[in-house]
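[1] dropping the sequence and predicted coords here.
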Number of protein chains: 2
Amino acid sequence: MNNELQKNAKVFKALCDPNRLAILELLRGGEKCACVLLEQLDLKQSGLSYHMKILCESGIVASRQDGKWTYYHLSLDGRDKAVELLKQLTTP
Amino acid sequence: MNNELQKNAKVFKALCDPNRLAILELLRGGEKCACVLLEQLDLKQSGLSYHMKILCESGIVASRQDGKWTYYHLSLDGRDKAVELLKQLTTP
DNA sequence: ACCTCACATCAAAAATTTTTGATATAATTA
DNA sequence: TAATTATATCAAAAATTTTTGATGTGAGGT
């Protein structure tokens, strides 16, 4: 399968799981620590970690380390890139 | 799982498969008959049908019947809705 | 140094999606 | 009307994704 397509698909894959959309919704309210996300979602710790990795790799979410904690937030830059890609892919 | 999120996920699910992105790429060149798509892609007839259904249900692609043939094209309207949704979901 | 906490990674199980081949349907042509 | 063509649907197999529980890692705290 075409590599470019695989790479593009990755961005949208981040957006097509209900748990990940729920995470984005929480992050819209501002930066959150993994432990806070964990208690708001119906996910195990390893499950949250799995989803956060996908979101971060897509560029839509960015993370920041502070001592023991990891804080996640929406990336404006990632958003812009995703929007551009979406437009590019779907504009006749 | 939250129903609204499920519904939103549907639009992006359409975009997270390489075969479907390849289909969108072909449709960017203009409306195409299923039979034309079929010969350009590495898909069986039933497989193409499966993917076209997902793309149409997402609103990003629209179809038109002409006798025996089905023609598919990108929907500007669907695109705009998807872009708006993406912005909404990812804007802090 | 040892213990605990926050999170990441791993491998196996469970769930979901995609592919495949067979069959159905609807429009067209002979 | 029978045969053919284009596409849809179905069910089972194959592939991929997600969940789960166990274990690893690195930063503090004691």
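    Sure, I can see it.
[2] in chain A, which spans are helices?
    For chain A, applying DSSP state H gives helices covering A:3-13, A:18-28, A:34-40, A:45-58, A:76-90.
[3] measure residue A:31 to residue B:55 for me?
    35 Å (Cβ to Cβ, to the nearest Å). Where C-beta positions appear, they are placed from N, C-alpha and C, glycine not excepted.
[4] again, but for residue A:78
    For residue A:78 relative to residue B:55 (Cβ to Cβ), the value is 24 Å.
[5] check contacts around residue A:48.
    By Cβ atoms under 8 Å, 6 or more residues apart in numbering or on different chains, residue A:48 lies in contact with A:34, A:37, A:38, A:41.
[6] out of those, which is nearest to chain B?
    Chain B has its nearest neighbour among those in residue A:41, at 10.4 Å by Cβ to the nearest Cβ.
[7] was I right to think the closest one contacts residue A:20?
    No - counting by Cβ atoms under 8 Å, residue A:41 does not reach residue A:20; the two are 10.1 Å apart.
[8] between those two, which one's more packed in?
    residue A:20 (24 against 15; other Cβ atoms under 10 Å in any protein chain shown).
[9] list the contacts for the more buried one?
    By Cβ under 8 Å, 6+ apart, the contact set of residue A:20 is A:14, A:51, A:54, A:55.
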